[in-house]
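S.K.: Dropping the sequence and predicted coords here.
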Amino acid sequence: MFTIAALYHFTRFEDPAALQGPLQTKCESLGIYGSLLIAKEGINGTISGSRDGIDAILAHLRSIPGCADLEHKESTASLPPFPRMKVKLKKEIVTMGQPDVDPKARVGHYVEAQDWNELILAPDVAVIDTRNDYEVGIGTFEGAIDPDTKSFREFPKWWEDNKDRFHNKRIAMFCTGGIRCEKSTNYLLSQGVEDVYHLKGGILKYLEDVPEADSKWDGECFVFDARVSVGHGLKEGPHQLCYACRRPILPADKENTQYEHGVACHQCADETTAEDKDRFRERQKQIHLARERGEQHMVGYDGN
């Protein structure tokens, strides 16, 4: 069994590049796999490993100046969730493209998972899903508004175009683990919205803590690892990935005539050229040749 830790923390790193190499080495020495993003505004990522390894790397992260209060959420997987470890330098740990947004200054009101249902059922509350369209497509809260954005960078424009819809409404926002709402609530506050709330710990915390019988969640929650989706109790869901467009698909979608393993699915078959598809076929060929040579690949990483 693999332990998975999803984490983020906003703090000020004057020299993120100085952290990259040592952190990569530390993760590798502990057998940690996954991805960590470092920027001047903080750290974000999802990692996996043994119980002892995860405990050790979390202790190490919290020893970094400014990270003592770093929080994380845990789940488990039966298969390796990631193929390798990458520590990357970024301009933002979650890209919104708004340089004046500063979650360290102020954010919306945190709402605990057990109090979320009461809030979102209130008639004066508008509930907004801040995730991308393909994430929303496999699950969201009952009655939530889908901005239909393809990236978080599109959210500010969506708000500007739609803000008049929410006059005299309290705004409740949610995302997978909470990080996007740190920025989106700060952004709305800067735009003059007074009553802004967000789900503390995100959907993952809600699915972990709220009994399915009491849940207002409909569907599965997309996650950025080999599990693809999780449901109540953070149990692995039925979804897989199309390894051409990286969108979630169900096993039945593989019966669609547009599906070709690693090349196209019904969602992206018309979005790529014949040259693109030839390139994807060559990629699949190289993956299989590597396996024949005995090179290790994460189970499920290429859809097998």
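M.R.: Perfect, I can see it now.

S.K.: Could you list the low-confidence segments of the stretch 151-300 of the chain?
M.R.: Per-residue confidence for the stretch 151-300 of the chain (pLDDT under 70) gives these ranges: 295-300.

S.K.: Apply 90 and report the result again.
M.R.: 168, 225-226, 284-300 (pLDDT under 90).

S.K.: What residue in this structure is the furthest from its centre?
M.R.: Most distant from the centre of the chain: residue 293, at 33.3 Å, with distances by Cα atoms, centre = their mean.

S.K.: Identify the bridge partners of the closest residue in space to residue 120 that isn't next to it in sequence.
M.R.: Counting by Cβ to Cβ, 6 or more residues apart in numbering, residue 127 is the residue found nearest to residue 120 once chain neighbours are left out, at 4.8 Å. All C-beta spots, glycine's among them, are computed from the backbone N, C-alpha and C. Beta-bridge partners recorded for residue 127 (DSSP bridges): residue 172.

S.K.: Residue 127 and residue 117 touch, don't they?
M.R.: No: contact criterion Cβ atoms under 8 Å: residue 127 and residue 117 do not qualify, at 10.9 Å.

S.K.: Looking at these two, which one has more neighbours?
M.R.: residue 127 (24 against 17; other Cβ atoms under 10 Å).

S.K.: Got the confidence number for that one?
M.R.: The per-residue pLDDT reported for residue 127 equals 98.

S.K.: Against residue 267, how distant is it?
M.R.: Using Cβ to Cβ, to the nearest Å, residue 127 is found at 26 Å from residue 267.

S.K.: Could you check how far stretch 131-142 is from the centre of its chain?
M.R.: 12 Å (Cα atoms, centre = their mean, to the nearest Å).

S.K.: Wait, a strand at residue 76?
M.R.: Yes: Residue 76 forms part of a strand when assessed by DSSP: H, G, I helix; E, B strand; the rest coil.

S.K.: got the contact list for it?
M.R.: Taking Cβ atoms under 8 Å, 6 or more residues apart in numbering as the criterion, residue 76 is in contact with 1-4, 234.

S.K.: what do you get if the cut-off is 6 Å, keeping everything else the same?
M.R.: Counting by Cβ atoms under 6 Å, 6 or more residues apart in numbering, residue 76 makes contact with 1, 3.

S.K.: Report the beta-bridge partners for it.
M.R.: residue 3.

S.K.: Give me the buried stretch members for the longest helix anywhere in the chain, please.
M.R.: Ordering each helix of the chain by length in residues (DSSP state H) puts helix 274-292 first. By 16 or more other Cβ atoms under 10 Å, the buried positions in helix 274-292 come out as 277, 280, 284, 287.

S.K.: Name the nearest of the residues you listed relative to residue 245.
M.R.: residue 280 (9.9 Å; Cβ to Cβ).

S.K.: Residue 183 reaches residue 95, doesn't it?
M.R.: No: if you go by Cβ atoms under 6 Å, residue 183 and residue 95 don't touch, sitting 9.4 Å apart.

S.K.: higher neighbour count, the two?
M.R.: Neighbours per residue (other Cβ under 10 Å) separate residue 183 from residue 95, with residue 183 holding more: 26 against 15.

S.K.: Mind jotting down where the strands sit in the stretch 151-300 of the chain?
M.R.: 170-174, 196-199, 217-219, 221-222, 229-230, 240-241, 248-249 (DSSP state E, counting those that start in this stretch).

S.K.: Tabulate those (TSV), appending mean neighbour count and distance to residue 100.
M.R.: Shown next, in TSV, are these (neighbours: other Cβ atoms under 10 Å; distance: least, Cβ to Cβ, whole Å):
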stretch	mean neighbour count	distance to residue 100
strand 170-174	23	19
strand 196-199	24	16
strand 217-219	16	33
strand 221-222	24	29
strand 229-230	23	34
strand 240-241	20	35
strand 248-249	24	33
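
S.K.: Of those strands, which is nearest residue 162?
M.R.: Comparing the strands of the stretch 151-300 of the chain under Cβ to Cβ, the one sitting nearest is strand 170-174, at 11.4 Å.

S.K.: can I get the CA coordinates of the closest one in PDB?
M.R.: In PDB, the C-alpha atoms belonging to strand 170-174 read as follows (Å, rounded to 0.1, in the frame of the first residue of the first chain):
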ATOM      1  CA  ARG A 170     -22.800  35.200  -0.700                       C
ATOM      2  CA  ILE A 171     -20.100  33.200  -2.700                       C
ATOM      3  CA  ALA A 172     -19.000  29.800  -1.700                       C
ATOM      4  CA  MET A 173     -16.100  28.200  -3.700                       C
ATOM      5  CA  PHE A 174     -14.400  24.900  -3.700                       C
END
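
S.K.: Format the buried residues of helix 274-292 as JSON lines; extra columns: distance to residue 261.
M.R.: Below are those laid out as JSON lines (distance: Cβ to Cβ, whole Å):
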{"residue": "277", "distance to residue 261": "12"}
{"residue": "280", "distance to residue 261": "10"}
{"residue": "284", "distance to residue 261": "7"}
{"residue": "287", "distance to residue 261": "10"}
